[in-house]
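*Asks:* okay, predicted coordinates and the sequence, questions at the end:
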Amino acid sequence: MDSTRGQCFIQKPGALGEPPKQFTFDGVYYIESTTEQLYNEIAYPLVEGVTEGYNGTIFAYGQTGSGKSFTMQGICSPTSQRGVIPRAFEHIFESIQCTENTKFLVRASYLEIYNEEIRDLLGKDTKHKLERTTVSPSEEGSHPELSIPSPDAA
């Protein structure tokens, strides 16, 4: 692990003749790291971009039980244990409150991808699986999208 260069090398056990796999990353956080530290270093610049009109995504990836949900959600009290999401919401709405003569439209989604199933964690039924649909090439872009039912359809 070389945190200063943003690189990680992994050697496959028993494959001594093969070169190690190299991975690059923006940041690595250990068990001693705080959510505040992670937010300030990774999420804060992204949320600043969101307040300037850019889209932003925070993607937490890792093994089951590794702390992704706690890092993203945290707990309300003490405030030092708040997760990335409450910190980002506070950041966004404080920025809006301080801005004059500007209208904002804030949209947020909180999706879980687990075993290739996608769920909307902000929806009424968090166990409901979202279906993948494909946008026709004549429509804007031709990448897959998610079919998210409107709240009125439920």
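*Replies:* Right, received. Where do you want to start?
*Asks:* CA only for contacts and neighbour counts going forward, please
*Replies:* Will do.
*Asks:* let me see the ranges of the helices in the chain.
*Replies:* 35-38, 44-51, 68-73, 84-97 (DSSP state H).
*Asks:* turn these into a markdown table, columns for mean neighbour count, distance to Phe23 and mean pLDDT.
*Replies:* Formatted as a markdown table, the helices of the chain follow (neighbours: other CA atoms under 10 Å; distance: least, CA to CA, whole Å; pLDDT from 0 to 100):
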| stretch | mean neighbour count | distance to Phe23 | mean pLDDT |
| --- | --- | --- | --- |
| helix 35-38 | 17 | 20 | 91 |
| helix 44-51 | 17 | 22 | 93 |
| helix 68-73 | 17 | 20 | 89 |
| helix 84-97 | 15 | 24 | 93 |
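*Asks:* what residues are up against Lys103?
*Replies:* Listed by CA atoms under 8 Å, 6 or more residues apart in numbering, Lys103 has no contact partners.
*Asks:* from Thr24, how far out is it?
*Replies:* 38 Å (CA to CA, to the nearest Å).
*Asks:* do Pro78 as well
*Replies:* Distance, Pro78 to Thr24, by CA to CA: 34 Å.
*Asks:* with neighbour numbers in mind, choose between those two.
*Replies:* With neighbours defined as other CA atoms under 10 Å, Pro78 and Thr24 compare such that Thr24 has more, 12 against 8.
*Asks:* the residue lying closest to that one once chain neighbours are set aside bridge partners, please.
*Replies:* Leaving aside its sequence neighbours, Thr24 sits nearest to Gln7 (CA to CA, 6 or more residues apart in numbering; 4.5 Å). Per DSSP bridges, residues listed as beta-bridge partners of Gln7: Asp2, Thr24.
*Asks:* burial measure for Gln7, as a count.
*Replies:* Neighbour number of Gln7 under other CA under 10 Å is 15.
*Asks:* in contact with it, which residues are there?
*Replies:* Gln7 neighbours (CA under 8 Å, 6+ apart): 1, 22-25.
*Asks:* burial measure for the nearest residue to Glu112 once chain neighbours are set aside, as a count.
*Replies:* Nearest in space to Glu112, with sequence neighbours left out and distances taken as CA to CA, 6+ apart, is Arg119 at 5.2 Å. If you count neighbours by other CA under 10 Å, Arg119 ends up with 20.
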